[in-house]
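In: sharing a model prediction with you, sequence too.
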Number of protein chains: 2
Amino acid sequence: MKKIKTRDRILQASLALFNSVGEPNVTTLLISDELDISPGNLYYHFKSKGDIVEELFDHYEQDMLDLLTVPEDADISLEQQGFFLHLLFETVARYRFLYQDLVNVLSRYDQLRVRFKRIQKKKTAAFRNICESFRRQGIMMTDQEELGSLCEQLTLTACYWSAFDTLSHLDDRESVDPGRGVYQMMHLIIPYLAPADRDEARLMSRDYL
Amino acid sequence: MKKIKTRDRILQASLALFNSVGEPNVTTLLISDELDISPGNLYYHFKSKGDIVEELFDHYEQDMLDLLTVPEDADISLEQQGFFLHLLFETVARYRFLYQDLVNVLSRYDQLRVRFKRIQKKKTAAFRNICESFRRQGIMMTDQEELGSLCEQLTLTACYWSAFDTLSHLDDRESVDPGRGVYQMMHLIIPYLAPADRDEARLMSRDYL
DNA sequence: GTCTATATTGTGATAGAC
DNA sequence: GTCTATCACAATATAGAC
């Protein structure tokens, strides 16, 4: 039963507060209050609030990049894709504070802008990868133009579903179920699947409701 | 050549500033500076910054509700739908400050929450209306479940396209082309159209690129 | 209606004792 | 490492003269 270092407790509490009331509404005082430590102590561990945000972003970036290393030429099954989406939405949910005030946060911490954009690009590329794999296996048929707009749509949805969903229940920002987002993503893909595979995908999608 | 009242100039300048640098980053001082009036003067016309936001929201709400009064049982053509989407995205672009910091803004002005939600509901209903009309005309075929997820997807995209798009060029928030969003919306609908109508819709969508 | 102060408050951040 | 001040500053908002 090792005791957690204060530094890590600060990160952990900050993430929780950011997610539940929004990063712009969280002051350094609120964080230190939550942990029953002094503001001075907080500033001993982090020289600014921005540093906390950036370190949390580091974690997010790491998690995302790990997740997005999709093998280029593998045969991906519908199940694997569902699992991938599930993990993706879980990761987004874990750092949802980022997405809920995305424009705002990125406008205030401009070093994060380019990094976030890079992750977005990688997401779109991962979706394209999966779709290409489906095409090679004959599960999916699309022309290049459709594929482009589909992958962009998938990226948009992966990005904003959590924010869109919390709009419906802005009162308790604590609870988030990633399932509904996965369902929605699958239904973006289904129309482009071969008729035979659509029913299987539809059945799979129900599990996420 | 009537001169514009100060009160209206404040609203106009605020909207422009909100849209270009984000509502949270706009101070009352910045607004009065932009207009070459004193902060005191601004507070003579509006008793708080929140009042400015709320009055702009009134305008937004009015514009939106006007737009969303879609006739229930009319036969809507693909062209009419394209035109509707065009107007919708223009309206969103005009008040894009709202969407770019949506969660944040709604969390700080809670009177706006319920009103915004109501507008969202009306949007979804309008999409459903259009789709039902398409179905009656035999242009579209979907079951009820698909229709639900499609309309939600349309609402999400209408809501967040502008924010998603400005992510790509966060440097100049001034310019926004609504066209790409309309294109994306159409491509959400196309898969559900009857084969004969798909090509027509595809051609139409190109005009918005 | 408009201006020039000025009050007030909240927040990020630092200094120095323990 | 942690605490108790305390500073500095920016933003909202008000008071009172013109």
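Out: Okay, I see it. Numbering: from 1, shown residues only, chains lettered A, B, ... in the order given.

In: which stretches of chain A form helices?
Out: According to DSSP state H, chain A carries its helices in the segments A:6-21, A:28-35, A:39-45, A:49-68, A:78-94, A:96-100, A:102-108, A:110-136, A:144-168, A:179-189, A:195-206.

In: I'd like the ones you listed as TSV, with mean pLDDT, mean neighbour count and distance to residue B:93 appended.
Out: Every C-beta, even on glycine, is put in place using the N, C-alpha and C of the backbone. Output for those, formatted as TSV (pLDDT from 0 to 100; neighbours: other CB atoms under 10 Å in any protein chain shown; distance: least, CB to CB, whole Å):
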stretch	mean pLDDT	mean neighbour count	distance to residue B:93
helix A:6-21	98	18	29
helix A:28-35	98	16	35
helix A:39-45	98	14	41
helix A:49-68	98	16	29
helix A:78-94	97	18	26
helix A:96-100	97	24	21
helix A:102-108	96	21	14
helix A:110-136	97	17	21
helix A:144-168	96	20	16
helix A:179-189	96	22	24
helix A:195-206	96	14	33
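
In: ok and the residue in chain A nearest DNA strand D?
Out: The nearest approach of chain A to DNA strand D comes at residue A:40, 2.3 Å away (CB to the nearest atom of the strand).

In: measure that residue to DNA strand C for me?
Out: The gap separating residue A:40 from DNA strand C is 3 Å, by CB to the nearest atom of the strand, to the nearest Å.

In: how about residue A:207?
Out: Note on residue A:207: its distance to DNA strand C, by CB to the nearest atom of the strand, is 41 Å.

In: please apply the same query to residue A:93.
Out: 24 Å.

In: just checking, that residue touches residue A:180?
Out: No. Judged on CB atoms under 8 Å, residue A:93 makes no contact with residue A:180 at a distance of 11.1 Å.

In: next, the nearest residue to residue A:138 once chain neighbours are set aside: phi, psi?
Out: Distances taken as CB to CB, 6 or more residues apart in numbering or on different chains place residue A:194 nearest to residue A:138, at 6.3 Å, with adjacent residues excluded. Torsion angles at residue A:194 (phi, psi; degrees, to the nearest 10) stand at phi -60, psi 140.

In: swap in residue A:143?
Out: Torsion angles, degrees, to the nearest 10, at residue A:143: phi -90, psi 170.

In: contacts for stretch A:95-109 next, please.
Out: Contact with stretch A:95-109 is made by A:15, A:18-19, A:22-24, A:50, A:53-54, A:56-57, A:59-60, A:63, A:92, A:112-113, A:116, A:159-160, A:162-163, A:166, A:173, A:176, B:21-22, B:24-25, B:100-101, B:103-104, B:163, B:166-167, B:170, as judged by CB atoms under 8 Å, 6 or more residues apart in numbering or on different chains.

In: measure it end to end?
Out: Terminal residues of stretch A:95-109 lie 16 Å apart, using CA to CA, to the nearest Å.

In: ok, and does stretch A:100-115 reach over to DNA strand C?
Out: No. Contact of stretch A:100-115 with DNA strand C (CB under 7 Å from any atom of the strand) is absent, the minimum separation being 10.6 Å.

In: endpoints of that stretch, how far apart?
Out: End-to-end span of stretch A:100-115 (CA to CA): 17 Å.

In: so residue A:38 touches residue A:29, yeah?
Out: No. At 9.8 Å, residue A:38 does not count as touching residue A:29 under the criterion of CB under 8 Å.

In: what's stretch A:180-192 in contact with?
Out: With CB under 8 Å, 6+ apart, stretch A:180-192 has contacts from A:81-82, A:85-86, A:89, A:92, A:131, A:140-142, A:146, A:150, A:153-154, A:157-158, A:161-162, A:165, A:198, A:201-202, A:204-206, A:208-209, B:146, B:149-150, B:152-153, B:156, B:188, B:191-192.

In: now do stretch A:140-147
Out: Stretch A:140-147 is contacted from outside by A:128, A:131, A:134, A:135, A:150, A:189, A:192, A:193, A:194, A:197, B:187, using CB under 8 Å, 6+ apart.

In: output the set of residues of chain A in proximity to DNA strand D.
Out: For chain A, the contact set with DNA strand D under CB under 7 Å from any atom of the strand comprises A:5, A:6, A:7, A:36, A:37, A:38, A:39, A:40, A:41, A:44, A:45.

In: what number of residues lie near the fourth one?
Out: Here the neighbour count serves as a burial measure; for residue A:36 (other CB atoms under 10 Å in any protein chain shown) it reads 7.

In: how about the closest residue to residue A:111 other than its chain neighbours, what does it touch?
Out: Leaving aside its chain neighbours, residue A:111 sits nearest to residue A:54 (7.2 Å; criterion: CB to CB, 6+ apart). Residue A:54 is in contact with A:109, A:111, A:112, counting by CB under 8 Å, 6+ apart.
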